[in-house]
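Visitor: Please work out how this folds:
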Amino acid sequence: MNRLRILWSAITLMVALMISGATPLIAAPFSGRTTFADPRFASVWTRTDGEAVRGGRTWYWGPGPWFDYGEFYRQSPNSARTVQYFDKARMEINNPAEGIVTNGLLVKELISGRMQLGDDPFDVSYREGSDVPVAGNPRAANTVAPGYRDFAGIATIDNGYRDPARLNQRVNTVISRSGNISVRDDLAKPETTIVQYNSVTGHNIPKIFWDFMNQRGRVMENGRIVTAPIVDWLFAMGYPITDPYWVRAVIGDAERDVLVQLFERRVLTYTPDNPAGYQVEMGNVGQHYFQWRYPHLGMPWVTPDPVTPLIYASNIDTGSHWELYRATFNGGGQRLTFNNGETVAFSWRRSWDPAQQYLIVDSRRNSPNYRQIYALNNIAADSGEPAPGAGVIRISYSNTDGIFPPPDNDFSLIPGSEYNAMVSPDGNLLAFVSERNGNPQLYLRRLNIPLRGFAQQITSYAEACNVETPTWSPDGRNLFWVTNCEGNFEVYRADLRYYYIDTLYAGLELVNIRNLTNNAANDRFARASPDGKSIAFASDRDGNWEIYVMNADGSNIRRLTNHPATDDAPTWSSDGRQLAFASDRDGDFEIYILNVSDGVITQQVTQNTAQDRWPLWAQ
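Guide: Numbering: from 1, shown residues only. Next up is the predicted model:
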C-alpha cells in the first residue's frame, strides 16, 4: 500500500506538471526509476491504472514504471527513442515531435528472436527466441510452462501462419514447454467458447478474452473520470498472433492450468481459480521482454536498487603501487586486489542481480608499462580476489604481452594503455580511453559477459593531448569527458548519434560537442550524477584544486570545498546527495564524504599515513 501511495503522489505531481507546462521530471535506470520519463506516459497509465479509477480491477500496465532508457531505434532522433518499462508492457515514443505513445510488438520479438531496430521489417537484430515462461513464476521456479519460443510453430510472425476458424468450439488444446500439442477435454469450459475470428492474422478469440478486451469501466479522460471502454484493444494489444491454448504453469507454490493467448503486444491469461476480477489478466510481457533484452540486469520490478560499496585505491600495504580497498568506514578498508602492478577502479556494471554486477578497473597487473581494463565479479568486489568464487575478467588486449583475447573480442596489435572504462547505464556498452594508436582517444565497444565485442574509435584529436574520464548520462543519450586538447583541461559534453548496435559491434558519432567549463583553468575528473542533472568535477580555477558541481548543461557552477589542500576525484553516492573525494588536507591523501547541498564534510572515511586516492562509489 505504501508503494501505491507514493506512486499516486508521483502521478499527482506529474499531472500538475502537465497542466502547468513545466519541464517533466527526469527518470533514469538507477535513480528515480519509478518516475515517469515523459508526461505522456503518465497520462496513458493514469487513464486505466490510476488509483482514482482502478478500484479492485486487474492492472493494465502495472503499479508503476521501473526502468526507462534511450533505446536504439533507427528512425528516432539520433537513433535513440524514449522507452519505459512496466510489468505488463513497454511504453515508447519514437518521434518526440509527434508525441504518440505506443507499446511495441514485444511478443512477436520474444517468439521470433528478432529484435526490431527500425521501421523496416528487415531491420532487426537476431538472437534466440525467449524461454521466459508466458505465464506464472520465473523460469527457475516454473520449469513446466512453455516459453515464448515454444509458440514459434503456431504463431503468426511474418511467416503466413493462420489457424482455421473454430467459431462456437471450446478450447481444449494444451501446449507444453517443448511446444507439443495435446488435448484435454476437461478444460473445454463454456467460457472458452470461440466467439470471434480475426481474419487479419487468422486466429480465434474465446468469449472470456473477448469480453475482457471490450470491457467498459472507469477511466480518466481529459482530467475527468468517465465510464468508457477501458482500452482500445487494438492499440493496447495488437492483433492476435496465436489461437488460445491451455498451459501448465507454476503460480506461487502451486502448478495450475492457465489459458493463454498471444497478441502482437500483449498476452492474455485466464486462471479459473483466481479471485473474481483477476481471473483474466494482462500477462507480464514488460517483465518478460526486459529479461530477454537485458538478461544481465536482473529483475528491477521486485528488487531494490543495486548497492555499490565505496571503493578506493591505496598504497598502505605496498608502499608503492595502488591496490583496491572497500571502505569499512572505520578509518580504513578491506583489501580487494593483490598484484604486482597498480589497480584503480573506475566504474560499475550495475545490475539488480548481484551475481551479475561487476567492478570495472584498469590495472598494470599483466605489464608494468600498459594499463589494461578488467572486470571484477561481485565476490571479488566485496570480499577480495582471493575469496572463494571471486573472478576477474580481462577486457583489454592492447599490450602485446602474449596473452590472446577470447574469440570475437577486441584487441590491438599496437601496444598502448587502456583505462577510464565507463559502462553505459544499460550495461551494454563501454566507453574508454585507449592509446593504441598513439594519442589517447575515446573508444566505444560492445560489452558482453562472457566477453565478446569489438571497439570503435569515437574521437580523433590530432594534437598530442590527454583524454580522460568519460561518463554517461543515465538515459544513454549523452557522453561527458575531459580533455586538454585546446591547451587546458575542460569538461565536454556531446549528444550520441547511434548508427547500429548488435551483439558484437556498436557505432555512434559524437555530435553537438560543447565545452561546458570553457575557462583558462583546469577542470578534471568529471562525473555525471545518478539522475543526470548535475556534473561533479575538480578545478584549480580558484588557485588550488577544489570540488565543484554544475548543471549538466554547464550552468550554475557551485564550489563545494574551500581548503588550501588538493581536493579532487569526486564520485557520487547512489542517491546523488553526497560525494566522496580525495584530499591531502591532513598531510597525505585520504577519502572524505561531503553533502552536495551545502558542501559540509560529513565523514573522513580513511585515516592513515598512506596515500588513499581515486574513490569510486555509485557513479
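
Visitor: Now do the buried residues in the biggest strand by length in the chain.
Guide: Using DSSP state E to define each element, the chain has its longest strand at strand 490-501. Neighbour counts using 16 or more other Cβ atoms under 10 Å place 490-498, 501 of strand 490-501 among the buried residues. Heads up, the C-betas are built off the backbone N, CA and C, glycines and all.

Visitor: ok, now stretch 216-223?
Guide: 218-220.

Visitor: Turn those residues into a markdown table, columns for distance to P295.
Guide: Compiled in a markdown table, the buried residues of stretch 216-223 are given as follows (distance: Cβ to Cβ, whole Å):
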| residue | distance to P295 |
| --- | --- |
| R218 | 38 |
| V219 | 35 |
| M220 | 36 |
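
Visitor: For the longest strand of the chain, which strands pair with it and how are they oriented?
Guide: Under the criterion DSSP bridges, strand 490-501 sits next to strand 478-483 (antiparallel), strand 506-515 (antiparallel) in its sheet.

Visitor: Which residues are in contact with the residue nearest to N409 when sequence neighbours are not counted?
Guide: In space, N409 comes closest to L451 once its chain neighbours are excluded; the distance is 5.5 Å by Cβ to Cβ, 6 or more residues apart in numbering. In this structure, L451 makes contact with 393-395, 405-406, 409, judged by Cβ atoms under 8 Å, 6 or more residues apart in numbering.

Visitor: Mean neighbour count and mean pLDDT added to the strands paired with strand 490-501, as TSV?
Guide: Output for these, formatted as TSV (neighbours: other Cβ atoms under 10 Å; pLDDT from 0 to 100):
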stretch	mean neighbour count	mean pLDDT
strand 478-483	23	98
strand 506-515	15	97
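
Visitor: can you put these in a markdown table and add distance to L560?
Guide: A markdown table is the format used below for the strands paired with strand 490-501 (distance: least, Cβ to Cβ, whole Å):
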| stretch | distance to L560 |
| --- | --- |
| strand 478-483 | 18 |
| strand 506-515 | 22 |
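
Visitor: and of these, who's closest to F36?
Guide: strand 478-483 (20.2 Å; Cβ to Cβ).

Visitor: what residues does the closest one touch?
Guide: With Cβ under 8 Å, 6+ apart as the contact definition, strand 478-483 has outside contacts at 431, 442, 459, 461, 465-473, 489-496, 510, 516, 523-526, 528, 532, 535, 537, 552.

Visitor: Okay, and which of those residues map to helices?
Guide: Secondary structure defined by DSSP state H assigns none of the contacts of strand 478-483 to helices.

Visitor: Just those: which are in strands?
Guide: Under the assignment DSSP E, those contribute 431, 442, 467-472, 490-496, 510, 523-526, 528, 535, 537 to strands.

Visitor: Please pick out the residue of the chain most distant from its centre.
Guide: For the chain, the residue at maximal distance from the C-alpha centroid (Cα atoms, centre = their mean) is N168, at 45.7 Å.

Visitor: Doesn't that one lie inside a strand?
Guide: No - when classified by DSSP: H, G, I helix; E, B strand; the rest coil, N168 is found to be coil rather than part of a strand.

Visitor: and the gap between it and Y197?
Guide: To Y197, N168 is 11 Å away according to Cβ to Cβ, to the nearest Å.

Visitor: Same check on E128?
Guide: Separation of E128 from Y197 (Cβ to Cβ): 32 Å.

Visitor: of those two, who's got more company?
Guide: Comparing E128 with Y197 by neighbour count (other Cβ atoms under 10 Å), the higher total belongs to Y197, at 16 against 8.

Visitor: Apart from its neighbours in sequence, what residue is nearest that one?
Guide: Counting by Cβ to Cβ, 6+ apart, Y197 lies nearest to A165, which is 4.2 Å off, once chain neighbours are set aside.

Visitor: Show the backbone phi and psi for the one you found.
Guide: phi -70, psi 140 (degrees, to the nearest 10).

Visitor: just checking, it touches H203?
Guide: No - counting by Cβ atoms under 8 Å, H203 is not a contact partner of A165; they are 9.4 Å apart.

Visitor: Spell out which residues are contacts of both of the two.
Guide: By the contact definition Cβ under 8 Å, 6+ apart, A165 and H203 are jointly contacted by Y197.

Visitor: who has more neighbours, the two?
Guide: More crowded of A165 and H203, by other Cβ under 10 Å: H203, with 27 against 15.

Visitor: okay, which residue is most central for this protein?
Guide: Short answer for the chain (Cα atoms, centre = their mean): D426, at 3.2 Å.
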